[in-house]
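1. fold the stuff below for me.
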Amino acid sequence: IIIAIAHKLRKKYNLFSAILVGGGISILYITITLAFREYELFNQTTAFIILIVITLFSVLLSLLYDRKELALFSLLGGYASPLMISTGEGNYIVLFTFLLILNSGMLLISMRKKWNIIGIVSFICTQAFYWVWLILSFEDQYTGALIFGVLFFIQFYLLALFDHFLSEKNISPFQAFLILANNLSLFAACIIIFRNTGYKVEGLITISMSVINAIVMLWLFKRAHVDKKLIYLIIAIVLSFVSLAIPVQLNGHVITMFWAAEMVILLWLWLKSGIQVFRKGFLLIGLLTLGSYFMDVNNNYMGASELPILFNRMFITGLVFVASLVVCKILLNKMNTPEDNAPSLLSRLLNLAVIAIAYLVPFFEIYYQIANSNYSSIDGFITMVLSAYTFIYIAALIFIYRKSTATYPQIIYALFVFMIVYSI
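-> Sure, this is the predicted structure:
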């Protein structure tokens, strides 16, 4: 009766009639729930089918009224339907299949009407159902959990991409949120699913995530009217997963060299796009590379392992690190920068990093090789050699920066002070 009255009033009082329709739909949901739970008028399957029909009916009404509030109410009713008739012994295959069907309809409405709130609520509710089941009820249903996780991932990834194509505008916060949260959810779910299998597949999972996003990235490259920031965002996701794959599967100096190379890529992406996430990623990876290098020094140079002169993993790792810093410095000087003030500070920091790391890499190598040779027994020999190396290095710096010392003579004073302090 309420829905009929609302339908009669829809032309003159559109918003008010939509509210009345919502009330009528609520009564239908509650009535079927009570008929099943309290009076047992029909079984669970029949109740579930009736609730699905009510949901479809409410969706059609939302399209007729062209009100996203009514569509949102219909969506919440659809997701609440399994809870209304739940007996505590649910079949996850039936539940997730229903969610896939419900999502498909709702996502079509979201794209057709540009109602992004429908897509966000669908994503949140779907993830809530999936993760509650994964945490509380998952035992050994590895195949089912993985299949449904991937299907949900594909569903919402397509929503974000098609929403971008239909809008033909810059990437929106809605699209960025869906892409990032979707990737994070599937990655975490896969780690949880396989953590008790006894196989070390974390690296394989991480690489698989990067490959999936790389395929999307290549597909976007071939399409016209795609916002470059969307492509840069997916590139950042690919690089993030690749960066994570190395530490979770490998260890040691390989991580340092890989991060050093990625540091250059992230800086280049920031300078080309102006997207701040790449700048933050560059700074983060730079700090991680620095910390990883000193950990390698502690584990290799300070350990008992025998390393050949120069042609060893630690010296080569140090050279790669220095080379990456030099390339970053060159890029920062030659390419147009997206900000006026930030590059000058960043350039100075990079300059100091190049000078410091370029000094320390041979320093550690010389110290290690002498300490593990027959000359280590000679009193003061290591100190003498390292002092000579330090003075030669400072002389080389003065030669390289001879033009700067003419303008800023305090640089050369600082170098001489450093020599005196080191000698003492």
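2. could you list the single helix or strand in this protein with the lowest mean pLDDT?
-> Sorting the helices and strands of the chain by mean pLDDT, DSSP states H and E puts helix 402-407 at the bottom, at a mean of 72.
3. look up how far His225 lies from the residue nearest to the spatial centre of the chain.
-> Taking Cα atoms, centre = their mean, the centroid of the chain lies closest to Ile237, which sits 4.9 Å from it. Note on Ile237: its distance to His225, by Cβ to Cβ, to the nearest Å, is 21 Å. Yep, even glycine has a C-beta here, placed from its N, CA and C like the rest.
4. Ala236 contacts Arg279, doesn't it?
-> No: in this structure, Ala236 is not within contact of Arg279 by Cβ atoms under 8 Å, at 11.0 Å.
5. per-residue pLDDT, Thr208?
-> For residue 208 the amino acid is Ser, not Thr. Note for Ser208: predicted pLDDT of 90.
6. can you report how many residues neighbour it?
-> Neighbourhood size, Ser208 [other Cβ atoms under 10 Å]: 16.
7. output the below-cut-off pLDDT ranges for the stretch 151-300 of the chain.
-> Per-residue confidence for the stretch 151-300 of the chain (pLDDT under 70) gives these ranges: 168, 196, 198, 246-253.
8. now the helices for it?
-> Ranges of helices in the stretch 151-300 of the chain, per DSSP state H, counting those that start in this stretch, are 173-194, 202-221, 228-249, 253-273, 276-300.
9. which helices and strands sit right next to the last one?
-> Think helix 276-300. With contacts taken as 3 or more Cβ pairs under 8 Å, 6 or more residues apart in numbering; DSSP states H and E, helix 276-300 sits against helix 228-249, helix 253-273, helix 313-334, helix 342-371.
10. give me the contacts around stretch 129-139.
-> Here stretch 129-139 makes contact (Cβ atoms under 8 Å, 6 or more residues apart in numbering) with 79, 82, 92, 95-96, 99, 145, 148-149, 152, 185, 189, 192-193.
11. how about TSV for those residues, with neighbour count added?
-> Formatted as TSV, those follow (neighbours: other Cβ atoms under 10 Å):
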residue	neighbour count
Tyr79	21
Pro82	17
Tyr92	17
Leu95	16
Phe96	21
Leu99	22
Ala145	22
Phe148	23
Gly149	22
Phe152	24
Ser185	19
Ala189	23
Ile192	15
Ile193	21
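12. ok, of those, which one's closest to Asn298?
-> Taking Cβ to Cβ as the measure, Asn298 lies nearest Ile192 of the contacts of stretch 129-139, at 33.0 Å.
13. which residues are in contact with Val21?
-> Val21 sits next to Ile2, Ile3, Ala6, His7, Ser58, Leu61, Tyr65, Leu70 when contact means Cβ under 8 Å, 6+ apart.
14. out of those residues, which are buried?
-> Buried residues within those, defined by neighbour count using 16 or more other Cβ atoms under 10 Å: Ile3, Ala6, His7, Ser58, Leu61, Tyr65, Leu70.
15. let me know whether Leu186 touches Phe153 as I believe.
-> Yes: using Cβ under 8 Å, Leu186 makes contact with Phe153 at a distance of 4.4 Å.
16. those two - which one has more neighbours?
-> More crowded of Leu186 and Phe153, by other Cβ under 10 Å: Leu186, with 23 against 19.
17. ok, that one to Ile193 distance?
-> Distance of Leu186 to Ile193, given as Cβ to Cβ: 10 Å.
18. intersection of neighbour lists for these two?
-> Taking Cβ under 8 Å, 6+ apart as the criterion, Leu186 and Ile193 both touch Gly149.
19. pretty sure Tyr359 sits against Ile392.
-> No: look at Tyr359 against Ile392 with Cβ under 8 Å: they stay out of range, at 10.7 Å.
20. what about the closest residue to Val59 other than its chain neighbours, how many residues nearby?
-> Spatially, and ignoring its direct neighbours in sequence, Val59 is nearest to Ser74 (5.0 Å; Cβ to Cβ, 6 or more residues apart in numbering). Neighbours of Ser74 under the rule other Cβ under 10 Å: 27.
21. on that earlier part again, need the contact list for the residue nearest to the centre of the chain.
-> With contact taken as Cβ under 8 Å, 6+ apart, Ile237 is in contact with Ile179, Leu180, Asn183, Ser210, Asn213.
22. export these to JSON lines and tack on neighbour count?
-> Formatted as JSON lines, the contacts of Ile237 follow (neighbours: other Cβ under 10 Å):
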{"residue": "Ile179", "neighbour count": "23"}
{"residue": "Leu180", "neighbour count": "16"}
{"residue": "Asn183", "neighbour count": "21"}
{"residue": "Ser210", "neighbour count": "20"}
{"residue": "Asn213", "neighbour count": "23"}
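23. from those residues, which single one is nearest Asn372?
-> The shortest gap between Asn372 and any of the contacts of Ile237 belongs to Ser210, at 40.0 Å (Cβ to Cβ).
24. what's near enough to touch the closest residue in space to Ser240 that isn't next to it in sequence?
-> Nearest non-adjacent residue to Ser240, counting by Cβ to Cβ, 6+ apart: Gly281, 7.5 Å away. Counting by Cβ under 8 Å, 6+ apart, Gly281 touches Ala236, Leu239, Ser240, Leu266.
25. sorry, back to before: following the least confident helix or strand of the chain, which helix or strand shows up next?
-> helix 410-423 (DSSP states H and E).
26. what's that following helix packed up against?
-> Partner elements for helix 410-423 (3+ Cβ pairs under 8 Å, 6+ apart): helix 381-400, helix 402-407.
27. just the buried positions in that helix, please.
-> Buried residues in helix 410-423, counting neighbours by 16+ other Cβ under 10 Å, are found at Ile412, Leu415, Met419.
28. run through who's touching that helix.
-> Ser387, Thr390, Phe391, Ile394, Leu397, Ile398, Tyr401, Ser404, Thr405.
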